[in-house]
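A.B. asks: Sharing a model prediction with you, sequence too.
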Amino acid sequence: MTHPPSVRRAPHSAPEQPPAPAAVPVPPRHGGRAVAVERLRAAATTEPGRLRIIGAVLALLVLAFGAVAAVEINDRAASANDVVERSQPLSADAAGIYRSLADADAAAASGFLAGPREPRAVHDQYVKDIEEASRLLVKAAANTDTSSASGREITTLNEGLPRYTGLIERARATNRQGLPLGGAYLRYANQQMSGQLLPAAERLYEAETGRLDRDQHSARAWPFFSLGIGIVALAVLFWAQRRNYRRTNRVFNHGLLAATAAATVLLLWLAVGHTVARSDLAQADSHGQRSMDVLNRARIDSLKARADENLTVVARGAVLTADGKSDKYETDYTAGMKALGEELAEAAKLAEDTGDTEGGKPVAAAAKAVTEWQGRHRTARKADDSGDYDTALEQIIGQKNSTGESFTKVDEALRKALDHEQSDFTRAAEDGRGALGGLPVGAAVLAVLGAVAAIVGVNRRLSEFR
């Protein structure tokens, strides 16, 4: 029997493994922003995609033009409204407080000079001035932040005014009794007025006038941003229409033409409206506010000079300047009259420069009365210096040919000039505010219409590809 050949077994080993499959590359994941960019890039390679992009850009530009124009003009319209409704009236009220206090001081001194029996008209004028100053202070306090500079000055005035009126009443009471102490009370009251109340009133007036100047500047500032966007929007609209003409040989696209018309109307309205408003507000400043500022200071200086003139006779040399060489009230009167003359000359020049003949007439009358006042004052001083007190007193407070009569002429002429300038200012400022009226709403409406027209015009072109 034969046996099969022996088979040598291979040593034990692990079974062979099949080769691993090759790795398949995984496409990278893109974020939403990247996908949008890729889609936009793909769309931009086709004419319909480019048109959609152009339409979106045109609509956004026109809308941005309208929105920025509405915001900028609304801001300037608000400032112009503040000029008319808030800052100028507050400035006028501050000047009224200043004038009322100065006039009350002059009336108190005039009444004291008249003797124990104060003239009824002079007393009534004093009471009227104090009531007017108090009323205007209440009004100013209601429209002013107490922590502001104006608020602090109003507090100073409200605290000091009762002290002043108390001193005046003491001066009157002692004067009626024939006591010389009344003159001391009157001088002390004048020191309170000239050293505390009038400086506070002047600072209040300067603060409110500064606010008026800021509102004027804000209302007149050019809307450069909206004008710039408007020019860019028009340039892109013209480019889009030129592109459409070169590709289709069509002269007009009604939608793009309407969008261009809307943007052009808005740009012209913006430029012309703001130019007119700026011109009117500038006229209100140059023809009204600057003249009113000079005239207010002239009227206040005349009132202070009148009070100093009266106190010169009351004190009779008892109060001297710091160097002890001159009568303080006579020195202050001279300085006040010099300032008054300079202010009237400036007011006359402003009226001449602006061609305002009506405003120049009362200023010329005031200057003539000032010359007359100064001549009569010199006559009164000669009489007083020579010891003729009664003649000097008659020359100061008499009914005819007195300095009091000349002062009344000056005050009346300045009041007329101020009323004229106030009327000019109000008319010009209201015209400036009116030139901006409706423009913010109009800008928004025209922008929306222009954007819709641009989209319609582009869609009209897109429909040709369907």
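C.D. replies: Yes, it's here. Bear in mind that the values here come from a model prediction, so they are computed numbers and not experimental data.
A.B. asks: backbone phi and psi for residue 320, please?
C.D. replies: phi -110, psi 170 (degrees, to the nearest 10).
A.B. asks: you'd agree it is up against residue 330?
C.D. replies: No. With contact defined as C-beta atoms under 8 Å, residue 320 does not reach residue 330; the gap is 10.1 Å. All C-beta atoms are positioned from the backbone trio N, CA, C, and that covers glycine.
A.B. asks: quick one: low-confidence ranges for the stretch 201-350 of the chain?
C.D. replies: The stretch 201-350 of the chain contains residues with pLDDT under 70 at 249-251.
A.B. asks: cutoff 80 now
C.D. replies: Within the stretch 201-350 of the chain, the segments meeting pLDDT under 80 span 244-253, 286-287, 315-320, 322, 324-325.
A.B. asks: What are the boundaries of the helices in it?
C.D. replies: Using DSSP state H, counting those that start in this stretch, the helices of the stretch 201-350 of the chain run over 224-248, 254-283, 290-315, 328-353.
A.B. asks: Format those helices as CSV; extra columns: distance to residue 165.
C.D. replies: Listed next are those as CSV, based on distance: least, C-beta to C-beta, whole Å:
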stretch, distance to residue 165
helix 224-248, 53
helix 254-283, 40
helix 290-315, 15
helix 328-353, 21
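A.B. asks: quick one, which of those helices is nearest to residue 441?
C.D. replies: helix 254-283 (11.5 Å; C-beta to C-beta).
A.B. asks: the inter-axis angle of the closest one versus helix 224-248?
C.D. replies: If you take axes from the mean of the first three to the mean of the last three C-alpha atoms, to 10 degrees, helix 254-283 sits at 160 degrees to helix 224-248.
A.B. asks: Quick one: list the elements packing against helix 254-283.
C.D. replies: If contacts are counted by 3 or more C-beta pairs under 8 Å, 6 or more residues apart in numbering; DSSP states H and E, helix 254-283 sits against helix 47-82, helix 198-220, helix 224-248, helix 403-436, helix 439-462.
A.B. asks: List the buried residues in that helix.
C.D. replies: 255-256, 258-260, 262-264, 266-267, 269-270, 273-274, 277-278, 280-281, 283 (16 or more other C-beta atoms under 10 Å).
A.B. asks: Include distance to residue 326 and mean neighbour count when you put the helices and strands packed on helix 254-283 into CSV, please.
C.D. replies: Conversion of the helices and strands packed on helix 254-283 to CSV gives the following (distance: least, C-beta to C-beta, whole Å; neighbours: other C-beta atoms under 10 Å):
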stretch, distance to residue 326, mean neighbour count
helix 47-82, 47, 20
helix 198-220, 21, 20
helix 224-248, 57, 16
helix 403-436, 20, 20
helix 439-462, 61, 21
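A.B. asks: Generate a markdown table for those, with distance to residue 309 as supplementary columns.
C.D. replies: Output for the helices and strands packed on helix 254-283, formatted as a markdown table (distance: least, C-beta to C-beta, whole Å):
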| stretch | distance to residue 309 |
| --- | --- |
| helix 47-82 | 40 |
| helix 198-220 | 16 |
| helix 224-248 | 54 |
| helix 403-436 | 6 |
| helix 439-462 | 54 |
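A.B. asks: nearest to residue 119, of the ones you listed?
C.D. replies: helix 403-436 (10.9 Å).
A.B. asks: same for that closest one, what does it pack against?
C.D. replies: helix 47-82, helix 88-113, helix 254-283, helix 290-315, helix 357-385, helix 389-397.
A.B. asks: that older thread, of residue 320 and residue 330, give the one with the bigger neighbour count.
C.D. replies: A direct count of neighbours by other C-beta atoms under 10 Å for residue 320 and residue 330 places residue 330 higher, at 21 against 14.
A.B. asks: Would you mind measuring from the closest residue to residue 312 other than its chain neighbours to residue 317?
C.D. replies: Nearest non-adjacent residue to residue 312, counting by C-beta to C-beta, 6 or more residues apart in numbering: residue 329, 4.2 Å away. Here the distance between residue 329 and residue 317 works out to 9 Å (C-beta to C-beta, to the nearest Å).
A.B. asks: More neighbours: those two, which one.
C.D. replies: Per other C-beta under 10 Å, whichever of residue 329 and residue 317 has more neighbours is residue 329, with 27 against 13.
A.B. asks: quick one: that one and residue 109, what's the gap?
C.D. replies: Residue 329 is 10 Å from residue 109, by C-beta to C-beta.
A.B. asks: Excluding its own residues, what touches stretch 228-248? List them.
C.D. replies: 47, 54, 57-58, 61-62, 64-65, 68-69, 250-253, 256-257, 259-260, 263-264, 266-267, 270, 454, 461 (C-beta atoms under 8 Å, 6 or more residues apart in numbering).
A.B. asks: burial of the residue lying closest to residue 341 once chain neighbours are set aside, as a residue count?
C.D. replies: In space, and not counting its chain neighbours, residue 341 is closest to residue 370: 6.3 Å by C-beta to C-beta, 6+ apart. By other C-beta under 10 Å, 22 other residues sit near residue 370.
A.B. asks: Residue 370 contacts residue 410, correct?
C.D. replies: Yes. Between residue 370 and residue 410 there is a contact at 5.8 Å, judged by C-beta under 8 Å.
A.B. asks: Might you report the residue contacts of the residue nearest in space to the middle of the chain?
C.D. replies: By C-alpha atoms, centre = their mean, the mean C-alpha position of the chain lies nearest to residue 215, the distance being 2.3 Å. Neighbouring residues of residue 215 by C-beta under 8 Å, 6+ apart: 79-80, 82-83, 86-87.
A.B. asks: Go again with 10 Å.
C.D. replies: Going by C-beta atoms under 10 Å, 6 or more residues apart in numbering, residue 215 touches 78-84, 86-88, 91, 281.
A.B. asks: about what we covered before: quick one: closest of the helices and strands packed on helix 254-283 to residue 312.
C.D. replies: helix 403-436 (10.7 Å).
A.B. asks: angle of the closest one against helix 290-315?
C.D. replies: Using the same axes, to 10 degrees: helix 403-436 against helix 290-315 is 160 degrees.
A.B. asks: Tell me the gap between helix 403-436 and the middle of its chain.
C.D. replies: 19 Å (C-alpha atoms, centre = their mean, to the nearest Å).
A.B. asks: and if you look at stretch 90-105?
C.D. replies: 20 Å.
A.B. asks: quick one: the closest residue to residue 171 other than its chain neighbours and residue 163, what's the gap?
C.D. replies: Nearest residue to residue 171 in three dimensions, chain neighbours excluded: residue 185, at 3.7 Å (C-beta to C-beta, 6+ apart). For residue 185, the distance to residue 163 equals 12 Å [C-beta to C-beta].
A.B. asks: Kindly report the same for residue 199.
C.D. replies: Counting by C-beta to C-beta - residue 199 and residue 163 are separated by 15 Å.
A.B. asks: Could you do residue 178 as well?
C.D. replies: Taken as C-beta to C-beta, the span from residue 178 to residue 163 is 25 Å.
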